[in-house]
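[1] Sequence first, predicted coordinates after that:
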Amino acid sequence: EPEVTQTPSHQVTQMGQEVILRCVPISNHLYFYWYRQILGQKVEFLVSFYNNEISEKSEIFDDQFSVERPDGSNFTLKIRSTKLEDSAMYFCASSSGQGVHSNQPQHFGDGTRLSIL
Amino acid sequence: AQSVTQLDSHVSVSEGTPVLLRCNYSSSYSPSLFWYVQHPNKGLQLLLKYTSAATLVKGINGFEAEFKKSETSFHLTKPSAHMSDAAEYFCVVSDQNFGNEKLTFGTGTRLTIIP
């Protein structure tokens, strides 16, 4: 069964440094998402992406965050200047979403654990 | 705005006994509801989904959930727990129609299976 893959599984970065989290969505999917889960808290929506542009973003997704689909397979999340509070598990998801009533759920990767020192 | 409330942060059952994980939702529209499971150090796996068709939804690994509009509930059940069911379970509601929706997660219920 096709799956969403995320790399790296664990990223350790100094505060203030830039970090890029990578995701390869399922190949025929058109809608892409990032979520995060701070340790001990609920999973939170960050951003959705379709047709090479952001569809919706949460208040968490400020100017320090950006997303990109640089080629036909990768979907990346960049944090420009990391803060301690960015430490979390980041999940990528994708869905085929072929229309309003497509009935297609989101499929998640295993996540990248980001640790800011 | 959509929201879900998972009423129990931790549930423990003995192997072979029934499982009940409770979820209540709040929605301004007809919701789409899901249960996802997260095993340790793994991603979120879809167990089942409700999409305004049958109110009793069957999922993988013997789990099922019943959508009850009058009670705004979507509880997850399994007749007989297995050791491999030990994991974190999330009740999730989608904010819009399928295709480009943002998911809103509950706080999760950790299921422990007692041998």
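    Arrived safely, thanks for sending. Numbering: from 1, shown residues only, chains lettered A, B, ... in the order given.
[2] what residues are up against the most centrally placed residue in chain B?
    Against the mean C-alpha coordinate of chain B, by Cα atoms, centre = their mean, the closest residue is B:Trp35 at 3.2 Å. Neighbouring residues of B:Trp35 by Cβ atoms under 8 Å, 6 or more residues apart in numbering or on different chains: B:21, B:23, B:46-48, B:59, B:63, B:65, B:74, B:76, B:89-92. (Glycine included, C-beta is placed from N, CA and C.)
[3] Try it again at 6 Å.
    Taking Cβ atoms under 6 Å, 6 or more residues apart in numbering or on different chains as the definition of contact, the neighbours of B:Trp35 are B:Leu47, B:Leu48, B:Ala65, B:Leu76, B:Cys91.
[4] Save these as CSV, and put in neighbour count too.
    Supplementary listing: these in CSV, determined by neighbours: other Cβ atoms under 10 Å in any protein chain shown:
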residue, neighbour count
B:Leu47, 21
B:Leu48, 20
B:Ala65, 26
B:Leu76, 24
B:Cys91, 28
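[5] Give me the pLDDT value at B:Leu47.
    Confidence at B:Leu47, expressed as pLDDT, is 95.
[6] for A:Ser48, same thing?
    What the model reports as pLDDT for A:Ser48 is 92.
[7] what comes into contact with the strand or helix carrying it?
    Assigned by DSSP states H and E, A:Ser48 belongs to strand A:43-50. Outside of strand A:43-50, the residues within contact range by Cβ under 6 Å, 6+ apart are A:31-37, A:54-58, A:60-61, A:67, B:100, B:102, B:105.
[8] do stretch A:29-37 as well
    When contacts are defined by Cβ under 6 Å, 6+ apart, stretch A:29-37 is touched by residues A:25, A:43-50, A:75, A:77, A:88-97, B:100.
[9] List the buried residues for it?
    Neighbour counts using 16 or more other Cβ atoms under 10 Å in any protein chain shown place A:His29, A:Leu30, A:Tyr31, A:Phe32, A:Tyr33, A:Trp34, A:Tyr35, A:Arg36, A:Gln37 of stretch A:29-37 among the buried residues.
[10] Check stretch A:1-20 too.
    Along stretch A:1-20, the positions that meet the burial threshold by neighbour count (16+ other Cβ under 10 Å) are A:Val4, A:Gln6, A:Gln11, A:Thr13, A:Val19.
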